[in-house]
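Trainee: 3D model of this:
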Amino acid sequence: MLDKLEKKKLVRRERLNPDQRVVRLYLTTEGVELLTNAPRPAQGTLTEVLHSLPDDTLHCLSSDLANLLASLTVVDEQAAGIPSSVLALEAPAKAARGKRPA
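Mentor: So this is what the prediction gives:
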């Protein structure tokens, strides 16, 4: 990812220490400009909306979310950190390996 950002001239790397494993990253002028013009995260919006909801609505939401979480089951703990797009690509190959010839 850093290579792509560096290629686009959004960041630059510096190695100042004798230990070349230490790399400092700096935003370039172009990187600062892009960041300045980037849309802000929507974190505050959700918080504001939740604060504006009536108590009974919040209790229903909390209960419904608890029910949703309770109904979720772990199918494959090994897959916990793998993006679902990767898992979708791997599923047909795993299914084919699991089939036994008749």
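
Trainee: quick one: low-confidence parts of this structure?
Mentor: 42-43, 74, 79-81, 87, 90-102 (pLDDT under 70).

Trainee: how about the helices of it, start to end?
Mentor: Applying DSSP state H to the chain gives helices spanning 2-7, 29-37, 43-52, 55-71, 84-98.

Trainee: L16: which of those is closest?
Mentor: helix 2-7 (16.9 Å; C-beta to C-beta). Backbone N, C-alpha and C define where each C-beta goes, glycine included.

Trainee: find the centremost residue of this structure, please.
Mentor: Ranked by distance to the mean C-alpha position of the chain (C-alpha atoms, centre = their mean), the top residue is P83 at 9.2 Å.

Trainee: how near is that one to L89?
Mentor: According to C-beta to C-beta, to the nearest Å, P83 stands 10 Å off from L89.

Trainee: kindly report the same for M1.
Mentor: 21 Å.

Trainee: what does T28 give?
Mentor: 35 Å.

Trainee: neighbour count for these two, which is higher?
Mentor: T28 (15 against 10; other C-beta atoms under 10 Å).

Trainee: may I ask you to confirm that the more buried one is in contact with K7?
Mentor: No: at 11.7 Å, T28 and K7 do not qualify as touching, with contact defined as C-beta atoms under 8 Å.

Trainee: touching, E14 and T28? I think so.
Mentor: No: using C-beta under 8 Å, E14 makes no contact with T28, being 11.9 Å away.

Trainee: quick check: phi and psi on Q20?
Mentor: phi -70, psi -10 (degrees, to the nearest 10).

Trainee: pull up the gap between it and E14, please.
Mentor: 11 Å.

Trainee: again, but for E48
Mentor: 40 Å.

Trainee: do D76 as well
Mentor: From D76 to E14 the distance is 42 Å (C-beta to C-beta).

Trainee: repeat that for Q78.
Mentor: In terms of C-beta to C-beta, Q78 sits 39 Å off from E14.

Trainee: what about the two, which has more around it?
Mentor: With neighbours defined as other C-beta under 10 Å, Q78 and E14 compare such that E14 has more, 10 against 6.

Trainee: for that one, name its beta-bridge partners.
Mentor: Residues in a beta bridge with E14, per DSSP bridges, are R24.
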